[in-house]
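K.L.:
Kindly generate the corresponding structure for this input.
(chains A, B, C and D)
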Protein chains: 2
Amino acid sequence: MPDTSEPRWLDAEQQRDWRAFLSGVTRINEHLELALRPFGLDLAEYEILVQLSEAERRSLRMSDLAHSARQSRSRLTHTVARMESKGLVTRRACPSDRRGVIATMTEHGWSLLVRAAPTHVQSVREILVDRVDPEDFAALGRLMRAVIDGPEPALVG
Amino acid sequence: MPDTSEPRWLDAEQQRDWRAFLSGVTRINEHLELALRPFGLDLAEYEILVQLSEAERRSLRMSDLAHSARQSRSRLTHTVARMESKGLVTRRACPSDRRGVIATMTEHGWSLLVRAAPTHVQSVREILVDRVDPEDFAALGRLMRAVIDGPEPALVG
DNA sequence: CCAAGAAAGTTGACGGTTCAATGATTCTGC
DNA sequence: GCAGAATCATTGAACCGTCAACTTTCTTGG
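P.N.:
Down below sits the predicted model:
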């Protein structure tokens, strides 16, 4: 049966903070996307390049890449296909698991990342890191780790 | 000429916090979208309903609504058109400015919001508010207000 | 007043994401 | 060792957001 108990609304201050969060995230995203634009990248593609750049041999299984870049496998397939046609990555069969596909960053992808990264970092600083109290930024980290590490919430329905 | 000075990279801790932020935001969004799904709403539509519900006569000019729901005017036009066809909102000409269009929440839209809101709040609590240290949550609010209220960053290019 | 420009809103095409379905391969329990 | 379940990756269609172009109306400087 549906939960008929009175919902626990947010108090005024919580609501203010929550809405600031929603607006802030939007602004941060817009700023980062704008900064990547001159490089012909969006944030999702940038993340893919970063993950590949840090992996052994600059290569990852598609599903590991999907996980670390926080994308669905389907989305990743499409995005990587596009990036492949731009010459940023290549794909090949995985030798140890014939279901698998390994994506590898090309030299061209690497050099694009190297060129884009300084601007990206600068944009992160401009919109967030250099703009806020370092204590609050550390609190942000703690808070987000609590969000990530917590159990899958059930949302009883 | 391009800035050739060494970029100010994030230190290890900043990077850890920043990446936690990216992951956390993704997780929060996924959780909220999931919670709204049974109501046939996504977060963008929910925001539109919230903004209308708090406005006088549950009505807003399209461009004010676009601003407060953090959407482009074009996106809002499309989304409101869809919501109109679902019977959640109506549109009519603005009497004082003949360029304008006023969106109004219908009774059906209102009742859907009333039904969805408790679940939505619960999902916000589950994924964030009830999961983190209240001090850190307050820090989140401060931090995001600094992001929002700050000047348009130039991102010198 | 009026011409030029700005603002409001829409439109349609394009591109990207989601979703469900599919084929192929590997894992699991018996 | 095999049947059934789970995993990996892809596909294509439907759906949604973005972008540039456009119309209409309002504002502003001279």
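K.L.:
in chain A, which ranges drop under the pLDDT threshold?
P.N.:
For chain A, residues meeting the criterion pLDDT under 70 lie at A:1-3, A:155-157.
K.L.:
Next to DNA strand D, which bits of it? Give me the list.
P.N.:
Taking Cβ under 7 Å from any atom of the strand, the part of chain A that reaches DNA strand D is made up of A:61-64, A:66, A:73-74, A:76-78, A:80-81, A:91, A:94, A:97, A:99-102. Quick note: C-beta positions are derived from backbone N, CA and C, even for glycine.
K.L.:
just the buried members of those?
P.N.:
A:Arg61, A:Met62, A:Ala66, A:Leu76, A:Val80, A:Arg91, A:Val101, A:Ile102 (16 or more other Cβ atoms under 10 Å in any protein chain shown).
K.L.:
Any chance of JSON lines for these, columns secondary structure and distance to A:Ala35?
P.N.:
Formatted as JSON lines, these follow (DSSP: H, G, I helix; E, B strand; the rest coil; distance: Cβ to Cβ, whole Å):
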{"residue": "A:Arg61", "secondary structure": "strand", "distance to A:Ala35": "29"}
{"residue": "A:Met62", "secondary structure": "helix", "distance to A:Ala35": "27"}
{"residue": "A:Ala66", "secondary structure": "helix", "distance to A:Ala35": "24"}
{"residue": "A:Leu76", "secondary structure": "helix", "distance to A:Ala35": "23"}
{"residue": "A:Val80", "secondary structure": "helix", "distance to A:Ala35": "23"}
{"residue": "A:Arg91", "secondary structure": "strand", "distance to A:Ala35": "28"}
{"residue": "A:Val101", "secondary structure": "strand", "distance to A:Ala35": "31"}
{"residue": "A:Ile102", "secondary structure": "strand", "distance to A:Ala35": "30"}
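K.L.:
longest helix of chain A?
P.N.:
helix A:12-36 (DSSP state H).
K.L.:
Next, the angle helix B:12-36 makes with that helix.
P.N.:
Counting by axes from the mean of the first three to the mean of the last three Cα atoms, to 10 degrees, helix A:12-36 points 110 degrees away from the direction of helix B:12-36.
K.L.:
what about helix A:12-36 and DNA strand C, any contact?
P.N.:
No - contact of helix A:12-36 with DNA strand C (Cβ under 7 Å from any atom of the strand) is absent, the minimum separation being 10.8 Å.
K.L.:
residues in contact with that helix?
P.N.:
Helix A:12-36 is contacted from outside by A:10, A:42-43, A:46, A:116, A:119-120, A:122-124, A:126-128, B:25, B:47, B:70, B:124, B:128-129, B:137-138, B:140-141, B:143-145, B:147-148, B:153, B:155, using Cβ atoms under 8 Å, 6 or more residues apart in numbering or on different chains.
K.L.:
now swap in stretch A:42-54 and tell me
P.N.:
By Cβ under 8 Å, 6+ apart, stretch A:42-54 touches A:29, A:32-33, A:36, A:41, A:58-60, A:65, A:68-71, A:75-76, A:79-80, A:83, A:88-89, A:103-105, A:109-110, A:112-113, A:116, A:120, B:22.
K.L.:
Report the buried members of the contacts of helix A:12-36.
P.N.:
A:10, A:46, A:116, A:119-120, A:122-124, A:126-128, B:25, B:47, B:70, B:124, B:128-129, B:137, B:140-141, B:143-145, B:147, B:153.
K.L.:
Next, the buried residues of stretch A:6-20.
P.N.:
A:Leu10, A:Gln14, A:Asp17, A:Trp18, A:Arg19, A:Ala20.
K.L.:
now the angle from the one helix or strand A:Ser111 maps to to helix B:12-36?
P.N.:
For A:Ser111, the host element (DSSP states H and E) is helix A:107-127. Counting by the same axes, to 10 degrees, helix A:107-127 lies at 90 degrees to helix B:12-36.
K.L.:
so how far is helix A:107-127 off the chain centroid?
P.N.:
14 Å (Cα atoms, centre = their mean, to the nearest Å).
K.L.:
Which elements pack onto the helix or strand just after that helix?
P.N.:
From helix A:107-127 onward toward the C-terminus, using DSSP H and E, the following helix or strand is helix A:134-149. With contacts taken as 3 or more Cβ pairs under 8 Å, 6 or more residues apart in numbering or on different chains; DSSP states H and E, helix A:134-149 sits against helix B:12-36, helix B:134-149.
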